[in-house]
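Enquirer: got a predicted structure here, sequence first:
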Amino acid sequence: MVASASGAVCGANDLSGGYGFRLSGTNTISESPKPAAAVGRIVFEAGGEVSGTSSVNFDGLFLGNPVRGKYTFKTDCSLEFELRIHLEDGSISAVR
């Protein structure tokens with residue numbers, strides 16, 4: 001006999017732990033498309049907090065920075081998060 005589960009599990013306390021990621025594509029920060037790639041590790045904490053590190057290559061410029069932010073689940077159970085990247089000069093940039 002196989003048990004079945006019903007109901008969505010989509011709350012801030014339902015996701016926790018560390019996850020690795022990689023991204024590649026193009027960015028338009030300089031208004032013309034340039035290649036970009038990123039790798040990193042983020043940790044989802046109970047209550048909607050996220051933190052980790054990210055290393056990004058923007059057309060040959062390599063940056064590695066710690067990140068912090070918040071995440072939320074939408075009603076369709078998709079995940080949305082916003083990260084604040086702490087840059088070496090002390091400034092903070094938001095990424096969504």
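Expert: Cool, got the structure. No experiment lies behind these values; they were computed from the predicted model shown.

Enquirer: beta partners of Lys34?
Expert: Taking DSSP bridges as the rule, Lys34 bridges to Asn27.

Enquirer: paired strands for the strand or helix carrying Lys70, with orientation please.
Expert: In the assignment (DSSP states H and E), Lys70 maps to strand 61-73. The strands that strand 61-73 pairs with in its sheet are strand 49-58 (antiparallel), strand 79-86 (antiparallel) (by DSSP bridges).

Enquirer: would you mark the buried spots in that strand?
Expert: Buried residues in strand 61-73, counted by 16 or more other Cβ atoms under 10 Å: Asn65, Val67, Gly69, Tyr71, Phe73. Bear in mind the C-beta positions are built from the backbone N, C-alpha and C, glycine included.

Enquirer: closest to Phe44 out of these?
Expert: Phe44 has its nearest neighbour among those in Tyr71, at 6.4 Å by Cβ to Cβ.

Enquirer: the residue lying closest to the closest one once chain neighbours are set aside: neighbouring residues, count only.
Expert: Leaving out its chain neighbours, the residue that sits closest to Tyr71 by Cβ to Cβ, 6 or more residues apart in numbering is Phe81, at 3.7 Å. Phe81 has 16 neighbours, counted by other Cβ atoms under 10 Å.

Enquirer: surely Thr72 and Glu49 touch.
Expert: No - using Cβ atoms under 8 Å, Thr72 is not in contact with Glu49, being 11.1 Å away.
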